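**Q** 3D model of this:
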Amino acid sequence: MQTTINTTVTFEGKGLHFGQPVTVIVRPAPANHGIVFRRMDVNVNMSDVPALWNHVIVSPLHTRIENESGTSVSTIEHIMAALAGCGLHNALVEVNGPEIPILDGSAAQFVKGFLLAGIRRLNAPLRVIEVRKFVSVIVGEAQAQLDPADTLLIRFEIDFVDRAIGHQEKTLNMSNGAFVRELCNSRTFCRSSDVDAMRAQGLALGGTLENAVVVDGENVLSPGGLRHKDEAVRHKMLDALGDLYTAGAPILGLYTGCKAGHAVTNALLCALFADPDAWAWREADADISARLPGVGLLWADLPKAA
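**A** Numbers count the residues shown, from 1 in each chain. Model prediction:
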């Protein structure tokens, strides 16, 4: 069955790129509503932006969605990952600015808020997207692909010259509470030189050592160090889950990313939906539902660092 949150939940923080205070209110939504973002600071007739792959504006640094009126919402990937990982299919996300707050750089605070609000089952069947055949995209050195699978699996590989990150790879079955247990508190990361370059372009104005893992060679500059030895690849998997959720429904398939980012994952979804033989809608029976992210989620799954 489809789900939504049980009660309204509010998040407050600064946006990563513009550094302005932002308030997000996530409200329950009816069946078949999907995930929709609503800009509260623009005209009501142009305020709603569906969180769908064909509304994504390509960016290497974050995921931005835009509607036909030009209204956009940036940096949606972490809250989308939290919605997907908690098994929430319908929600209205109100925001009073152009971007979602970065909070601590992970999805943990969103997950905590959703668990506190509670999850409500709706009297409506859930459809999932079944990957039927191999689909792949290559952009420069980055590659992403989808293969058929009976659940959602994410495999990711990264390789950085900075020894604090280096080569990392990980594979996870996203069934049940795996996202919350394994990925949700992994923070966005960057190199110290990247921060300087972004700020020179007027970006990352809200970035601090408290909401990102900043590395310089073999050194981790953020206080407290890493939450996981492989936090970087875990965060890339978190991003991938959030970006995949712009498909509009849970996916049954194996996602593999190698040096991939937001734009590459969106290109992969575009390739998937461009081929009608590559995917199909499937109603989630009890067996399928038991393998979806968020099903059987427990409060104890939330990491202590959240």
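**Q** give me phi/psi at the residue nearest to residue 55 when sequence neighbours are not counted?
**A** What sits nearest to residue 55 in space, not counting adjacent residues and going by CB to CB, 6 or more residues apart in numbering, is residue 65, at 4.5 Å. (Glycine included, C-beta is placed from N, CA and C.) Summarising the backbone geometry of residue 65 under the convention degrees, to the nearest 10, its torsions are phi -110, psi 150.
**Q** give me the neighbour count for residue 65.
**A** Residue crowding around residue 65 was assessed by other CB atoms under 10 Å; the count is 23.
**Q** so what's it up against?
**A** Taking CB atoms under 8 Å, 6 or more residues apart in numbering as the criterion, residue 65 is in contact with 37, 49, 50, 51, 52, 55, 56, 57, 72, 73, 76, 246.
**Q** distance check, the residue most central in space within the chain against residue 294.
**A** With the centre of the chain defined as its mean C-alpha position, the nearest residue by CA atoms, centre = their mean is residue 242, 2.0 Å away. For residue 242, the distance to residue 294 (CB to CB, to the nearest Å) stands at 14 Å.
**Q** who touches both of these two?
**A** Taking CB under 8 Å, 6+ apart as the contact definition, residue 242 and residue 294 share the neighbouring residues residue 84.
**Q** is it true that the residue nearest to the centre of the chain touches residue 86?
**A** No - under the contact definition of CB atoms under 8 Å, residue 242 does not touch residue 86, with a separation of 11.9 Å.
**Q** domain-wise, how is the protein divided?
**A** 3-121, 127-301 (automatic domain parsing).
**Q** hey, least reliable of those by pLDDT?
**A** Averaging pLDDT over each of the domains of the chain singles out domain 127-301 as the lowest, with a mean of 91.
**Q** send me stretch 30-40 as PDB with only the CA atoms.
**A** Written as PDB, here are the backbone C-alpha positions of stretch 30-40 (Å, rounded to 0.1, in the frame of the first residue of the first chain):
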ATOM      1  CA  PRO A  30      -3.300  11.700  -0.300                       C
ATOM      2  CA  ALA A  31      -2.700   8.600  -2.400                       C
ATOM      3  CA  ASN A  32      -1.300   9.100  -5.900                       C
ATOM      4  CA  HIS A  33      -0.100  12.600  -5.000                       C
ATOM      5  CA  GLY A  34       3.600  11.700  -5.200                       C
ATOM      6  CA  ILE A  35       6.300  14.000  -3.900                       C
ATOM      7  CA  VAL A  36       5.600  17.600  -4.700                       C
ATOM      8  CA  PHE A  37       7.700  20.600  -3.600                       C
ATOM      9  CA  ARG A  38       5.800  23.900  -3.100                       C
ATOM     10  CA  ARG A  39       7.600  27.300  -3.100                       C
ATOM     11  CA  MET A  40       5.800  29.400  -0.500                       C
END
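**Q** what lies in contact with that stretch?
**A** Residues contacting stretch 30-40 (CB under 8 Å, 6+ apart): 2, 4, 29, 47-52, 65, 71, 73, 76, 80, 83, 88-98, 122-124, 245, 248.
**Q** show me which residues of that stretch are buried.
**A** Neighbour-count burial for stretch 30-40 flags 31, 33, 34, 35, 36, 37, 38, 39 (criterion: 16 or more other CB atoms under 10 Å).
**Q** take the residues you listed and lay them out in TSV including distance to residue 142.
**A** Written out in TSV, the entries for the buried residues of stretch 30-40 read as follows (distance: CB to CB, whole Å):
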residue	distance to residue 142
31	37
33	33
34	28
35	26
36	29
37	26
38	32
39	31
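**Q** I'd like to know which of these is nearest to residue 228.
**A** Taking CB to CB as the measure, residue 228 lies nearest residue 35 of these, at 27.2 Å.
**Q** can you give me phi and psi for the closest one?
**A** On the backbone of residue 35 - angles per degrees, to the nearest 10 - the values are phi -100, psi 120.
**Q** span of stretch 152-171 from start to end?
**A** Across its full length, stretch 152-171 reaches 11 Å end to end, with CA to CA, to the nearest Å as the criterion.
**Q** just stretch 158-167 next, same as before
**A** Across its full length, stretch 158-167 reaches 6 Å end to end, with CA to CA as the criterion.
**Q** what sits up against that stretch?
**A** In this structure, residues lying in contact with stretch 158-167 by CB under 8 Å, 6+ apart are 157, 168-169, 189, 191, 215-220, 232-233, 236, 259.
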